[in-house]
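Colleague: Quick one: sequence and predicted model below, then my questions.
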Amino acid sequence: MDIIYYLASCDTCRKIIKSLPKEHDFKFHDIKQDPITVKELEQMRELSGSYEALFSKKAVLYKSMDLKNKSLTEEDYKKYILEHYTFLSRPVFIIKNKIYIGNTQQNMLQVMKALA
């Protein structure tokens, strides 16, 4: 089953979800209410190629913890994503075993194409 990892309190995520075709059957996973597991994160990493690809450098915590001035490893990215949901770049779609990360226009075009 196709899945969306999102944040229910995020306006952008809600707007994106509203724009999805109603007939498509998704499993919705709110990462704040139901934190992602190590197994789920490892599956995402396998599909994306790295934890860094899943990591949001736009997160307020990223700036407040001054992480941009640190040399982060793949293990660091994994640890931070598991510690706090805000570090996962969202939404994350897994559609037909392919991953789409983030809310860029280009990414959303690819998601819509995958659903067509």
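Modeller: Thanks, I have it. Source: prediction; values computed, not measured.

Colleague: Need phi/psi at the residue of the chain positioned farthest from its centre.
Modeller: Distance to the chain centre peaks in the chain at N69, reaching 23.0 Å (criterion: Cα atoms, centre = their mean). Here is the backbone geometry of N69 (degrees, to the nearest 10): phi -100, psi 10.

Colleague: For it, which residues are in contact?
Modeller: Contact analysis of N69 by Cβ atoms under 8 Å, 6 or more residues apart in numbering lists nothing. C-beta here means a position set from N, CA and C on the backbone, and glycine is covered the same way.

Colleague: roughly how far apart are it and K63?
Modeller: Distance, N69 to K63, using Cβ to Cβ, to the nearest Å: 10 Å.

Colleague: do the same with P91
Modeller: According to Cβ to Cβ, P91 and K63 sit 21 Å apart.

Colleague: Check F26 too.
Modeller: 31 Å.

Colleague: which of these two has more neighbours?
Modeller: F26 (17 against 11; other Cβ atoms under 10 Å).

Colleague: quick one, phi psi at that one?
Modeller: Dihedral angles (degrees, to the nearest 10) for F26: phi -110, psi 150.

Colleague: same question, E46
Modeller: With angles defined as degrees, to the nearest 10, E46 sits at phi -60, psi -40.

Colleague: mind checking pLDDT for it?
Modeller: pLDDT, E46: 97.

Colleague: In this protein, what residue spans correspond to helices?
Modeller: Ranges of helices in the chain, per DSSP state H, are 11-19, 38-48, 60-64, 74-83, 105-115.

Colleague: in this protein, which ranges drop under the pLDDT threshold?
Modeller: Nowhere does the chain drop to pLDDT under 70.

Colleague: Please list all residues in contact with Y77.
Modeller: Contacts here follow Cβ under 8 Å, 6+ apart; on that basis Y77 touches 50-52, 54-55, 87.

Colleague: Can you say which of these are buried?
Modeller: Taking 16 or more other Cβ atoms under 10 Å as the criterion, what is buried in those is 51-52, 54-55, 87.

Colleague: Please identify which of the residues you listed is nearest to Q105.
Modeller: L54 (19.2 Å; Cβ to Cβ).
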